[in-house]
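> 3D, please:
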Amino acid sequence: MPVYLIDHPYAQHVLTKLRDRSTASLEFRKGLVRLGRIMGYEVARRFPKREAVVRTPLGEARGIVLEDLDRVVIIEVLRAAMPLVEGLLKAFPEARIGVIAARRREEGGAVSVDVYYVRIPDVEGSVVLIADPMLATGVTMASAIREVLKRGTPKRLLVASVIATPMGVERVLAAYPHAEIYAVAIDEFLDKNGFIVPGLGDAGDRAFG
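Here you go, the predicted model:
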């Protein structure tokens with residue numbers, strides 16, 4: 001199953017600060033930015049690469065060049081993903097940016113999503129990275145992916161979430177088995193309102209008040 005858990009000690013340290021309910025909004029946003037950068041580096045591990053020889057001021061050196069960096073399209077799910085995307089851009093400064101805005105609806109115990117704004121660049125042949133800090137039920141992410149695929153066929157489709165649940169992962173991969181999911185933690189439970197437990201609360205509210 002294409003799920004990659006980022007267990008780097010520093011990433012786990014930052015996540016612990018984010019989970020702490022006493023962490024203020026400013027520090028919470030900074031933490032999301034840090035995790036975005038770390039996640040970007042972890043995502044880049046699986047980019048294709050080639051060997052290269054360059055000239056230094058004193059001679060030649062062998063190295064590698066990552067490919068597809070100019071194909072990256074980062075799509076943020078408003079509003080909680082904004083700091084996460086800020087961090088991702090530090091890893092992928094050439095990336096183009098898209099935005100999807102969606103709101104959750106609950107009717108009769110069922111959770112649905114209303115996508116009310118989509119603004120994304122051309123995704124044909126791109127490496128699309130959709131960022132949303134919380135992959136809870138998976139309904140929002142599945143809706144975001146659907147909007148992307150309406151507009152083209154990316155070369156790769158990646159999801160970046162701080163915390164995911166088995167339900168969210170299963171829903172996304174059942175609908176889009178070619179997707180690759182990156183998360184810093186997998187939490188097992190959802191409460192009756194569809195929030196991840198223990199999670200870190202409402203990421204958007206904690207980041208922006």
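
> from here on, just use CA atoms for contacts and neighbour counts.
Noted.

> report the longest helix in the protein, please.
Longest helix in the chain, counting residues (DSSP state H): helix 25-44.

> pLDDT weak spots in this protein?
In the predicted model, the chain carries pLDDT under 70 at residues 1, 108-111.

> can you map out the helices along it?
9-19, 25-44, 82-91, 139-150, 166-175, 203-208.

> out of the ones you listed, which is the most enclosed?
Looking across these with neighbours counted as mean count of other C-alpha atoms under 10 Å, the highest average goes to helix 82-91: a mean of 23.

> between helix 25-44 and that one, find me the angle.
40 degrees (axes from the mean of the first three to the mean of the last three C-alpha atoms, to 10 degrees).

> my guess is Glu188 contacts Val197. True?
Yes. Glu188 sits in contact with Val197 when judged by C-alpha atoms under 8 Å, with a separation of 7.3 Å.

> wait, what's in contact with the nearest residue to Lys49 once chain neighbours are set aside?
Among residues not flanking Lys49 along the chain, Leu66 sits closest, at 4.4 Å (C-alpha to C-alpha, 6 or more residues apart in numbering). Contact analysis of Leu66 by C-alpha atoms under 8 Å, 6 or more residues apart in numbering lists Ala44, Phe47, Pro48, Lys49, Arg50.

> report the inter-axis angle for the longest helix of the chain versus helix 9-19.
150 degrees.

> could you give the backbone dihedrals for Glu94?
For Glu94, the backbone dihedrals are phi -90, psi 0 (criterion: degrees, to the nearest 10).

> and it, how far from Val73?
9 Å (C-alpha to C-alpha, to the nearest Å).

> circling back to that earlier point, out of the helices of the chain, flag the one nearest Asp114.
helix 139-150 (8.6 Å; C-alpha to C-alpha).

> output stretch 112-124 as CSV, nothing but the C-alphas.
Extracted as CSV, the C-alpha positions of stretch 112-124 are listed here (Å, rounded to 0.1, in the frame of the first residue of the first chain):
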residue,chain,number,x,y,z
SER,A,112,-20.2,14.9,2.7
VAL,A,113,-18.1,17.7,1.2
ASP,A,114,-19.1,20.8,-0.8
VAL,A,115,-16.3,22.0,-3.0
TYR,A,116,-17.0,25.7,-3.6
TYR,A,117,-13.8,27.1,-5.1
VAL,A,118,-11.2,25.5,-7.4
ARG,A,119,-8.2,27.3,-8.9
ILE,A,120,-5.4,25.1,-10.1
PRO,A,121,-2.9,25.3,-12.9
ASP,A,122,-2.5,22.8,-15.7
VAL,A,123,-1.9,19.4,-14.1
GLU,A,124,-1.4,17.3,-17.3
